[in-house]
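Undergrad: The sequence isn't on hand, but the structure is:
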(Lines give C-alpha, C1' and ligand atoms only; values in the text may rest on other atoms or scores of the structure.)
Protein backbone atom coordinates (compact mmCIF):
# COMPACT_ATOMS: atom_id res chain seq x y z
CA UNK A 1 0.00 0.00 0.00
CA UNK A 2 1.41 3.41 -0.96
CA UNK A 3 2.29 5.61 2.00
CA UNK A 4 1.02 9.12 1.31
CA UNK A 5 2.96 11.95 2.96
CA UNK A 6 1.49 14.92 4.77
CA UNK A 7 3.05 17.28 2.22
CA UNK A 8 1.31 15.44 -0.62
CA UNK A 9 -2.03 15.62 1.19
CA UNK A 10 -1.65 19.34 1.84
CA UNK A 11 -0.73 19.98 -1.80
CA UNK A 12 -3.74 18.03 -3.02
CA UNK A 13 -6.05 19.84 -0.58
CA UNK A 14 -4.73 23.19 -1.78
CA UNK A 15 -5.85 22.41 -5.34
CA UNK A 16 -2.82 20.77 -6.93
CA UNK A 17 -4.58 18.40 -9.35
CA UNK A 18 -1.37 16.69 -10.42
CA UNK A 19 -0.57 15.71 -6.83
CA UNK A 20 -4.18 14.67 -6.25
CA UNK A 21 -4.12 12.39 -9.29
CA UNK A 22 -0.79 10.94 -8.17
CA UNK A 23 -2.15 10.10 -4.72
CA UNK A 24 -5.23 8.45 -6.20
CA UNK A 25 -3.20 6.49 -8.74
CA UNK A 26 -0.68 5.24 -6.17
CA UNK A 27 -3.49 4.20 -3.82
CA UNK A 28 -5.32 2.25 -6.51
CA UNK A 29 -4.65 -1.04 -4.69
CA UNK A 30 -6.52 0.27 -1.67
CA UNK A 31 -9.52 1.26 -3.79
CA UNK A 32 -9.47 -2.10 -5.58
CA UNK A 33 -9.32 -3.96 -2.26
CA UNK A 34 -12.65 -2.34 -1.35
CA UNK A 35 -14.17 -2.73 -4.82
CA UNK A 36 -13.52 -6.50 -4.85
CA UNK A 37 -15.96 -6.91 -1.96
CA UNK A 38 -18.72 -6.09 -4.43
CA UNK A 39 -17.82 -8.65 -7.10
CA UNK A 40 -20.72 -10.57 -8.67
CA UNK A 41 -23.32 -8.08 -7.49
CA UNK A 42 -24.52 -6.86 -10.86
CA UNK A 43 -22.03 -4.08 -11.59
CA UNK A 44 -18.83 -3.83 -13.59
CA UNK A 45 -15.86 -3.62 -11.23
CA UNK A 46 -14.24 -0.94 -13.40
CA UNK A 47 -17.32 1.25 -12.87
CA UNK A 48 -17.20 0.64 -9.12
CA UNK A 49 -13.50 1.48 -9.13
CA UNK A 50 -14.27 4.88 -10.64
CA UNK A 51 -16.98 5.44 -8.02
CA UNK A 52 -14.63 4.31 -5.26
CA UNK A 53 -11.97 6.72 -6.51
CA UNK A 54 -14.47 9.56 -6.12
CA UNK A 55 -14.89 8.49 -2.50
CA UNK A 56 -11.12 8.48 -2.07
CA UNK A 57 -10.87 12.03 -3.45
CA UNK A 58 -13.56 13.15 -0.98
CA UNK A 59 -11.53 11.60 1.82
CA UNK A 60 -8.45 13.57 0.77
CA UNK A 61 -10.45 16.79 0.63
CA UNK A 62 -11.91 16.21 4.11
CA UNK A 63 -8.77 14.84 5.73
CA UNK A 64 -7.51 16.84 8.70
CA UNK A 65 -3.76 16.45 9.13
CA UNK A 66 -4.25 16.67 12.91
CA UNK A 67 -6.08 13.32 12.84
CA UNK A 68 -4.13 10.51 14.50
CA UNK A 69 -4.95 8.15 11.63
CA UNK A 70 -3.50 7.16 8.27
CA UNK A 71 -5.10 8.50 5.11
CA UNK A 72 -5.74 4.93 3.95
CA UNK A 73 -7.67 4.10 7.14
CA UNK A 74 -9.59 7.37 6.96
CA UNK A 75 -10.41 6.85 3.27
CA UNK A 76 -11.87 3.33 3.39
CA UNK A 77 -15.24 4.39 4.88
CA UNK A 78 -15.55 7.07 2.17
CA UNK A 79 -14.77 4.56 -0.58
CA UNK A 80 -17.28 2.09 0.86
CA UNK A 81 -19.91 4.77 1.32
CA UNK A 82 -19.61 6.11 -2.21
CA UNK A 83 -19.91 2.64 -3.75
CA UNK A 84 -22.85 1.69 -1.53
CA UNK A 85 -24.70 4.90 -2.39
CA UNK A 86 -24.16 4.20 -6.09
CA UNK A 87 -25.49 0.65 -5.74
CA UNK A 88 -28.45 1.84 -3.69
CA UNK A 89 -29.37 4.66 -6.08
CA UNK A 90 -28.78 2.53 -9.17
CA UNK A 91 -31.24 -0.04 -7.85
CA UNK A 92 -29.83 -2.84 -9.98
CA UNK A 93 -28.15 -5.07 -7.41
CA UNK A 94 -28.34 -8.73 -8.43
CA UNK A 95 -28.66 -10.70 -5.23
CA UNK A 96 -27.33 -14.26 -5.27
CA UNK A 97 -29.62 -17.13 -4.24
CA UNK A 98 -27.39 -17.91 -1.26
CA UNK A 99 -27.70 -14.35 0.06
CA UNK A 100 -31.47 -14.43 -0.43
CA UNK A 101 -31.67 -17.67 1.52
CA UNK A 102 -29.45 -16.26 4.26
CA UNK A 103 -31.60 -13.12 4.49
CA UNK A 104 -34.72 -15.30 4.85
CA UNK A 105 -33.08 -17.15 7.75
CA UNK A 106 -32.03 -13.87 9.37
CA UNK A 107 -35.56 -12.45 9.15
CA UNK A 108 -36.98 -15.63 10.68
CA UNK A 109 -34.41 -15.43 13.47
CA UNK A 110 -35.21 -11.76 14.00
CA UNK A 111 -38.90 -12.59 14.54
CA UNK A 112 -37.96 -15.31 17.01
CA UNK A 113 -35.88 -12.85 19.00
CA UNK A 114 -38.66 -10.24 18.90
CA UNK A 115 -41.08 -12.79 20.37
CA UNK A 116 -38.67 -13.22 23.28
CA UNK A 117 -38.30 -9.46 23.63
CA UNK A 118 -34.62 -9.57 22.64
CA UNK A 119 -32.62 -7.45 20.22
CA UNK A 120 -30.94 -9.43 17.45
CA UNK A 121 -27.33 -8.44 16.84
CA UNK A 122 -24.66 -9.47 14.35
CA UNK A 123 -22.92 -11.74 16.86
CA UNK A 124 -26.23 -13.53 17.54
CA UNK A 125 -26.67 -14.28 13.84
CA UNK A 126 -23.11 -15.59 13.63
CA UNK A 127 -23.67 -17.92 16.58
CA UNK A 128 -27.15 -19.09 15.56
CA UNK A 129 -26.63 -19.56 11.80
CA UNK A 130 -22.89 -20.33 11.77
CA UNK A 131 -22.37 -17.85 8.93
CA UNK A 132 -19.47 -15.43 8.42
CA UNK A 133 -19.83 -11.80 9.46
CA UNK A 134 -19.09 -10.68 5.90
CA UNK A 135 -21.90 -12.79 4.37
CA UNK A 136 -24.34 -11.65 7.05
CA UNK A 137 -23.56 -7.99 6.35
CA UNK A 138 -23.93 -8.48 2.59
CA UNK A 139 -27.28 -10.21 3.09
CA UNK A 140 -28.56 -7.42 5.33
CA UNK A 141 -27.44 -4.79 2.84
CA UNK A 142 -29.73 -6.25 0.19
CA UNK A 143 -32.91 -5.40 2.10
CA UNK A 144 -32.38 -1.80 3.14
CA UNK A 145 -30.84 1.49 1.99
CA UNK A 146 -27.16 1.56 2.76
CA UNK A 147 -25.63 4.45 4.66
CA UNK A 148 -22.05 5.61 4.30
CA UNK A 149 -19.99 4.03 7.04
CA UNK A 150 -18.50 6.67 9.36
CA UNK A 151 -18.72 9.41 6.72
CA UNK A 152 -20.89 11.56 8.95
CA UNK A 153 -18.53 11.11 11.88
CA UNK A 154 -15.43 12.06 9.94
CA UNK A 155 -17.22 14.92 8.22
CA UNK A 156 -18.79 16.94 11.00
CA UNK A 157 -19.00 14.84 14.13
CA UNK A 158 -22.59 13.67 13.79
CA UNK A 159 -23.55 10.26 15.14
CA UNK A 160 -23.71 7.44 12.62
CA UNK A 161 -27.16 6.36 11.44
CA UNK A 162 -27.61 2.87 12.77
CA UNK A 163 -30.30 0.23 13.01
CA UNK A 164 -30.35 -2.79 15.28
CA UNK A 165 -28.83 -4.97 12.58
CA UNK A 166 -26.08 -2.65 11.38
CA UNK A 167 -22.42 -2.98 12.27
CA UNK A 168 -21.51 -0.98 15.38
CA UNK A 169 -18.47 1.30 15.49
CA UNK A 170 -16.06 -1.40 16.69
CA UNK A 171 -17.26 -3.76 13.97
CA UNK A 172 -16.82 -1.02 11.35
CA UNK A 173 -13.24 -0.51 12.46
CA UNK A 174 -12.71 -4.28 12.35
CA UNK A 175 -13.96 -4.40 8.75
CA UNK A 176 -11.68 -1.52 7.75
CA UNK A 177 -8.72 -3.16 9.48
CA UNK A 178 -9.39 -6.45 7.68
CA UNK A 179 -9.19 -4.71 4.31
CA UNK A 180 -5.93 -2.96 5.20
CA UNK A 181 -4.36 -6.09 6.71
CA UNK A 182 -5.37 -8.17 3.67
CA UNK A 183 -3.65 -5.64 1.42
CA UNK A 184 -0.52 -5.78 3.58
CA UNK A 185 -0.47 -9.59 3.48
CA UNK A 186 -0.66 -9.51 -0.32
CA UNK A 187 2.56 -7.48 -0.35
CA UNK A 188 4.52 -10.25 1.40
CA UNK A 189 6.67 -12.81 -0.37
CA UNK A 190 5.12 -16.25 -0.92
CA UNK A 191 7.03 -17.70 2.02
CA UNK A 192 6.19 -14.84 4.38
CA UNK A 193 2.52 -14.90 3.34
CA UNK A 194 2.29 -18.66 3.87
CA UNK A 195 3.82 -18.39 7.34
CA UNK A 196 1.37 -15.67 8.41
CA UNK A 197 -1.59 -17.54 6.94
CA UNK A 198 -0.61 -20.79 8.65
CA UNK A 199 0.02 -19.08 12.00
CA UNK A 200 -2.94 -16.71 12.19
CA UNK A 201 -5.59 -18.13 9.88
CA UNK A 202 -4.96 -21.87 10.02
CA UNK A 203 -3.85 -21.64 13.67
CA UNK A 204 -0.73 -23.79 13.28
CA UNK A 205 1.92 -23.62 15.97
CA UNK A 206 5.42 -22.34 15.28
CA UNK A 207 6.68 -25.89 15.70
CA UNK A 208 4.27 -27.18 13.04
CA UNK A 209 5.31 -24.42 10.64
CA UNK A 210 8.97 -25.17 11.35
CA UNK A 211 8.48 -28.83 10.36
CA UNK A 212 6.84 -27.81 7.08
CA UNK A 213 9.78 -25.57 6.12
CA UNK A 214 12.50 -27.74 7.62
CA UNK A 215 13.75 -25.03 9.97
CA UNK A 216 13.78 -24.52 13.72
CA UNK A 217 10.95 -23.11 15.82
CA UNK A 218 13.26 -20.25 16.82
CA UNK A 219 13.77 -19.34 13.16
CA UNK A 220 10.02 -19.31 12.57
CA UNK A 221 9.60 -17.06 15.61
CA UNK A 222 12.21 -14.61 14.28
CA UNK A 223 10.71 -14.58 10.77
CA UNK A 224 7.22 -14.08 12.15
CA UNK A 225 8.33 -11.24 14.43
CA UNK A 226 10.14 -9.50 11.57
CA UNK A 227 7.08 -9.76 9.30
CA UNK A 228 4.70 -8.41 11.94
CA UNK A 229 6.99 -5.53 12.86
CA UNK A 230 7.32 -4.53 9.20
CA UNK A 231 3.55 -4.73 8.66
CA UNK A 232 2.94 -2.68 11.81
CA UNK A 233 5.48 -0.10 10.67
CA UNK A 234 3.76 0.32 7.31
CA UNK A 235 0.29 0.49 8.84
CA UNK A 236 1.05 2.80 11.78
CA UNK A 237 4.29 4.51 10.89
CA UNK A 238 2.91 6.94 8.32
CA UNK A 239 -0.21 8.79 7.27
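TA: That came through fine. Just so it is clear, the model here is predicted, and its values are computed rather than measured. Numbering: from 1, shown residues only.

Undergrad: lowest-pLDDT helix or strand in this structure?
TA: Ranked by mean pLDDT, DSSP states H and E, the weakest helix or strand in the chain is helix 151-156, scoring a mean of 34.

Undergrad: any chance you could map the helices in the chain?
TA: 6-13, 17-26, 28-35, 45-62, 71-90, 97-115, 122-129, 133-141, 151-156, 169-186, 190-200, 206-213, 217-236 (DSSP state H).

Undergrad: Output the below-cut-off pLDDT ranges for this protein.
TA: Across the chain, the ranges flagged by pLDDT under 70 are 1-3, 67-68, 89-96, 141-180, 183, 234-239.

Undergrad: per-domain residue ranges of it.
TA: Domain assignment for the chain by automatic domain parsing gives 6-93+143-187, 97-141, 188-239.

Undergrad: which one of the ones you listed is the most hemmed in?
TA: Of all these, domain 6-93+143-187 has the most neighbours on average by mean count of other CB atoms under 10 Å, namely a mean of 16. C-beta here means a position set from N, CA and C on the backbone, and glycine is covered the same way.

Undergrad: From one end of that domain to the other, what's the distance?
TA: One end of domain 6-93+143-187 to the other measures 23 Å (CA to CA, to the nearest Å).

Undergrad: What of stretch 20-31?
TA: Chord length of stretch 20-31, first to last residue, is 15 Å (CA to CA).

Undergrad: Please state the offset of that stretch from the chain centre?
TA: On the basis of CA atoms, centre = their mean, to the nearest Å, stretch 20-31 sits 17 Å off its chain's mean C-alpha point.

Undergrad: How about stretch 63-74?
TA: Worked out by CA atoms, centre = their mean, stretch 63-74 lies 16 Å from the chain centre.

Undergrad: cool, and stretch 215-234?
TA: 24 Å.

Undergrad: neighbouring contacts of that stretch?
TA: 1, 3, 181, 184-185, 188, 192, 195-196, 199, 206-207, 209-210, 213 (CB atoms under 8 Å, 6 or more residues apart in numbering).

Undergrad: Tell me which two of these sit farthest apart.
TA: 3 and 207 (35.1 Å; CB to CB).

Undergrad: Okay, residue 55 and residue 49: tell me how far apart.
TA: According to CB to CB, to the nearest Å, residue 55 and residue 49 sit 11 Å apart.

Undergrad: my guess is residue 102 contacts residue 129, does it?
TA: Yes: in this structure, residue 102 is within contact of residue 129 by CB atoms under 8 Å, at 7.3 Å.
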